[in-house]
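Q: Pasted the sequence and its predicted model underneath.
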Amino acid sequence: MEDQPNSSNITYTTDEILRSLEALGPQMQIFLIILYSLTALMALGGNATVIVVLLMGKRSSRELRIFLVNLAVSDICMAMFSIPFTYTDFMLGRWIFHPSFCPFVQFMQHVSVIASVYTLTAIGLDR
């Protein structure tokens, strides 16, 4: 039988533990942070602009404007509750937020997707 090292003799520094918990290297993390942050900011800014234009303008029918505002609001919810939490979970390989926040984030992701799908369906039926 081989001698196996005693695991109680192995010690790790805090830096080693934190590095071992990271799923990606620092360069890829920086790239993804920039990419996902730009995506989230553009989604928030673009959809906020759409809402302002649709509420101020009178060129399209009232029903279509309501549907498009609803679609923009669901996209904003997706940008707020999906993008930041998804890329954080992907980069670190684990959920770092409070455990009770996980079901709420998943609920909001599902609500925003369902709202988008049903809004697009209603627009298609209205046309």
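A: Arrived safely, thanks for sending.

Q: per-residue pLDDT, the spatially closest residue to Leu55 that is not a sequence neighbour?
A: Take Leu55 and drop its neighbours on the chain: the residue closest to it by CB to CB, 6 or more residues apart in numbering is Val69, 6.8 Å away. C-beta coordinates here come from the backbone N, C-alpha and C atoms, glycine included. Per-residue pLDDT puts Val69 at 94.

Q: Where does pLDDT dip in the protein?
A: In the predicted model, the chain carries pLDDT under 70 at residues 1-10, 12, 14-24.

Q: Let me see the ranges of the helices in it.
A: 14-21, 26-56, 62-81, 83-92, 101-126 (DSSP state H).

Q: I'd like those as a markdown table, with mean neighbour count appended.
A: A markdown table is the format used below for the helices of the chain (neighbours: other CB atoms under 10 Å):
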| stretch | mean neighbour count |
| --- | --- |
| helix 14-21 | 10 |
| helix 26-56 | 13 |
| helix 62-81 | 17 |
| helix 83-92 | 16 |
| helix 101-126 | 13 |
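
Q: My guess is the residue nearest to Leu55 contacts Ile51. True?
A: Yes: if you go by CB atoms under 8 Å, Val69 and Ile51 touch, sitting 5.5 Å apart.

Q: who's in contact with Asn70?
A: For Asn70, the contact set (CB atoms under 8 Å, 6 or more residues apart in numbering) comprises 115, 119.

Q: Now do it against Phe81, distance only.
A: 16 Å (CB to CB, to the nearest Å).

Q: ditto for Met28
A: 24 Å.

Q: excluding its backbone neighbours, what's nearest Ala40?
A: Per CB to CB, 6+ apart, closest to Ala40 is Ile83, 4.4 Å.

Q: Just list the residues touching the one you found, thanks.
A: 36, 39-40, 43.

Q: Pipe those into a markdown table and attach distance to Phe107 per row.
A: Listed next are the contacts of Ile83 as a markdown table, based on distance: CB to CB, whole Å:
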| residue | distance to Phe107 |
| --- | --- |
| Tyr36 | 21 |
| Thr39 | 22 |
| Ala40 | 19 |
| Ala43 | 19 |
